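**Student:** Coordinates only, no sequence provided:
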């Protein structure tokens with residue numbers, strides 16, 4: 001009987017001593033609390049052997065794990081008049097907002113994280129909810145609905161990180177993503193109609209800008225074409241005028257030289273030009289002999305038929 005009692009005591013003592021063994025998994029650190037006081041050294045992955053239960057407590061902290069909490073509006077609000085996440089904009093309109101906060105253990109602050117781990121989710125939730133409400137209150141409903149999903153997250157992340165910096169929570173904020181920014185269901189159809197109208201206006205403005213740009217390009221093209229055509233015509237006229245001036249000067253020089261040997265040189269030039277004109281008129285059928293129309297009283301013009309003009 002005594003021997004059995006000793007064996008039982010030994011087994012109980014052995015099991016009690018085994019409570020000092022803790023397996024630390026890869027990606028984890030062990031925060032050791034001895035008689036409630038955290039020790040500065042951490043337990044690395046592997047088997048940690050410490051004092052048994054009641055003396056040592058080992059909190060395993062997943063240092064690489066990314067945690068997340070949802071903050072704001074949920075569909076099942078329990079019928080509350082102003083459910084969480086329903087916030088007031090700067091122009092006194094209600095919007096439903098929901099954001100997701102991503103965080104992990106801040107390197108070197110595993111002990112603080114282990115101590116504060118029970119209150120961290122609620123702590124972050126309150127801070128993020130406060131910053132979200134402040135951001136929404138600083139915007140109009142149009143600004144909140146149109147820009148909320150893009151610009152709200154970074155703003156809340158920066159503000160919340162600044163506010164918790166001196167709290168020693170052991171938390172490193174990674175991201176704040178906005179998953180919902182929408183008007184309440186009661187007024188959602190009206191907001192959707194406004195959004196469609198704004199989209200239509202934006203589409204029409206974009207189309208007008210595109211048409212304006214297209215017409216400007218066409219105008220520039222027409223302007224360049226007309227400038228080139230005008231330049232070509234001008235150059236051609238200048239070239240033609242230059243050639244005419246050269247011919248005139250050459251003919252003038254011939255006249256000056258001709259007058260030295262022939263005083264009637266100008267009459268000769270006129271006769272030559274007249275002969276050319278008459279020859280051209282004759283070829284066109286506009287010049288002929290009038291002898292057959294001569295009468296006793298002279299040229300009988302009333303009897304002269306009109307000449308037949310031929311096409312050149």
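**Tutor:** Happy to help now that I have it. All values derive from a computational prediction rather than experimental measurement.

**Student:** Provide a complete list of residue ranges assigned to helices in the stretch 151-300 of the chain.
**Tutor:** For the stretch 151-300 of the chain, applying DSSP state H, counting those that start in this stretch gives helices covering 153-163, 188-261, 265-283.

**Student:** residues of the first one that come out buried?
**Tutor:** This points to helix 153-163. Going by neighbour count (16 or more other C-beta atoms under 10 Å), the buried part of helix 153-163 is 153, 156, 157, 159, 160. C-beta: built from backbone N, CA, C; applies to glycine.

**Student:** before we move on, back to that, from the helices of the stretch 151-300 of the chain, which stretch is densest packed?
**Tutor:** Scoring the helices of the stretch 151-300 of the chain by mean neighbour count under mean count of other C-beta atoms under 10 Å gives helix 153-163 as the most buried, with a mean of 17.

**Student:** and for it, what are the contacting residues?
**Tutor:** Here helix 153-163 makes contact (C-beta atoms under 8 Å, 6 or more residues apart in numbering) with 99, 101, 124, 127-128, 131-132, 134-135, 173, 175-178.

**Student:** Can you select the buried ones from these in ChimeraX?
**Tutor:** Of those, the buried ones go into a single ChimeraX selection, burial set by 16+ other C-beta under 10 Å:
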select :99,101,124,127,128,131,132,135,173,176,178
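
**Student:** and the buried residues of helix 153-163 as JSON lines, adding distance to residue 139?
**Tutor:** Below are the buried residues of helix 153-163 laid out as JSON lines (distance: C-beta to C-beta, whole Å):
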{"residue": "153", "distance to residue 139": "14"}
{"residue": "156", "distance to residue 139": "13"}
{"residue": "157", "distance to residue 139": "17"}
{"residue": "159", "distance to residue 139": "14"}
{"residue": "160", "distance to residue 139": "18"}
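
**Student:** Between the helices of the stretch 151-300 of the chain, which has the poorest mean confidence score?
**Tutor:** Note on these: lowest mean pLDDT is at helix 265-283, with a mean of 80.

**Student:** chain center to it: distance?
**Tutor:** On the basis of C-alpha atoms, centre = their mean, to the nearest Å, helix 265-283 sits 78 Å off its chain's mean C-alpha point.

**Student:** Also stretch 210-221?
**Tutor:** Distance of stretch 210-221 from its chain centroid, counting by C-alpha atoms, centre = their mean, is 22 Å.

**Student:** With stretch 159-169 instead?
**Tutor:** 33 Å.

**Student:** and the helices of the stretch 151-300 of the chain as TSV, adding distance to residue 90?
**Tutor:** Shown next, in TSV, are these (distance: least, C-beta to C-beta, whole Å):
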stretch	distance to residue 90
helix 153-163	15
helix 188-261	16
helix 265-283	91
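
**Student:** Mind checking those helices for the one nearest to residue 39?
**Tutor:** Taking C-beta to C-beta, helix 153-163 is the member of the helices of the stretch 151-300 of the chain nearest to residue 39, at 28.7 Å.
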